[in-house]
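Novice: sharing a model that was predicted from the sequence below.
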Amino acid sequence: MKDPNFYAAGGLDRAGHRRKDAAWLAERLVDPSSRFVPVWRNQSLVISIEGAAPQAAFLAREEIVAEGETALLGLIGDCAYFAVDLST
């Protein structure tokens, strides 16, 4: 059986009502608890730990050295998850 896709599995609140709230998004983008999935040319950064299935890498803002367009993936509890496009 395949592992569930993180972006489709239960637990990720898509937060549709927040997606157009520019002030809320700006706060979440600088919140230290927010996490970012780096994306380069439609490929997400994944990590692999011996004995475990590969999984998306969720980085803190300070771990991302380049700027890129962001997209809100959703929330788990109070933690916001974003994709950040580093293709440029």
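Specialist: Looks like it came in fine.

Novice: for this structure, just list every one of the helices.
Specialist: 22-30 (DSSP state H).

Novice: the strands in it, which residues?
Specialist: Per DSSP state E, the chain carries strands over the ranges 35-40, 43-44, 46-47, 55-56, 69-76, 79-85.

Novice: for Gly16, find the nearest of those strands.
Specialist: strand 69-76 (9.1 Å; C-beta to C-beta). C-beta here means a position set from N, CA and C on the backbone, and glycine is covered the same way.

Novice: could you list every helix and strand in contact with the closest one?
Specialist: Identification of packing neighbours for strand 69-76 by 3 or more C-beta pairs under 8 Å, 6 or more residues apart in numbering; DSSP states H and E yields helix 22-30, strand 79-85.

Novice: mind putting the strands of the chain into CSV with mean pLDDT and mean neighbour count?
Specialist: Converted to CSV, these look like this (pLDDT from 0 to 100; neighbours: other C-beta atoms under 10 Å):
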stretch, mean pLDDT, mean neighbour count
strand 35-40, 94, 19
strand 43-44, 90, 12
strand 46-47, 88, 10
strand 55-56, 84, 16
strand 69-76, 93, 16
strand 79-85, 95, 19
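
Novice: out of the ones you listed, which comes closest to Glu62?
Specialist: Nearest of these (C-beta to C-beta): strand 35-40, 10.2 Å.

Novice: just to revisit the earlier point, can you tell which of the helices and strands packed on strand 69-76 is closest to Pro38?
Specialist: Once the helices and strands packed on strand 69-76 are compared by C-beta to C-beta, strand 79-85 is nearest, at 5.8 Å.

Novice: rewinding a little: among the helices and strands packed on strand 69-76, which comes closest to Leu73?
Specialist: strand 79-85 (4.3 Å).

Novice: understood, closing this out.
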